[in-house]
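Asker: No sequence on hand, only this structure:
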């Protein structure tokens, strides 16, 4: 009974990894925006999505579960490292918006607006 429960959880995590990888590969907004905010481009998004899909497929099969778990852990550690690195290097400077650039170039019809960079988890 214990083995069946563990395999069931492994398969569930596999489906979650497949869904997350699919969301990254298709570039869904809620997944792509944090990568863009950190400064990681589409390349890392596609790389992470591919690794997650492969990990999800490995987790669906009990014998390949260890490989899937290692792939998924690698993606998580890499993403967390990039996030922590971005948070450490952030200096608190506001991002310059397009309207502020237009106002600086002399366009009188545009009001200057300064938009601060999001710190994540905006509720």
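Answerer: Happy to help now that I have it. Small disclaimer: the values here were computed from a predicted structure and weren't measured.
Asker: ok, the residue lying closest to residue 16 once chain neighbours are set aside to residue 39 distance?
Answerer: Nearest non-adjacent residue to residue 16, counting by CB to CB, 6 or more residues apart in numbering: residue 56, 7.5 Å away. For the C-beta atoms, the positions are set from N, CA and C on the backbone; glycine is no exception. According to CB to CB, to the nearest Å, residue 56 stands 26 Å off from residue 39.
Asker: who has more neighbours, these two?
Answerer: residue 56 (23 against 11; other CB atoms under 10 Å).
Asker: and the nearest residue to residue 41 once chain neighbours are set aside, how many residues sit next to it?
Answerer: In this structure, residue 41 finds its nearest non-sequential neighbour in residue 35, 7.6 Å apart by CB to CB, 6+ apart. Around residue 35 there are 20 other residues, counting by other CB under 10 Å.
Asker: Then residue 64?
Answerer: 16.
Asker: neighbours around the closest residue to it other than its chain neighbours, how many?
Answerer: Of all residues not flanking residue 64 in the chain, residue 58 sits nearest, at 4.1 Å (CB to CB, 6+ apart). By the criterion of other CB under 10 Å, residue 58 has 21 neighbours.
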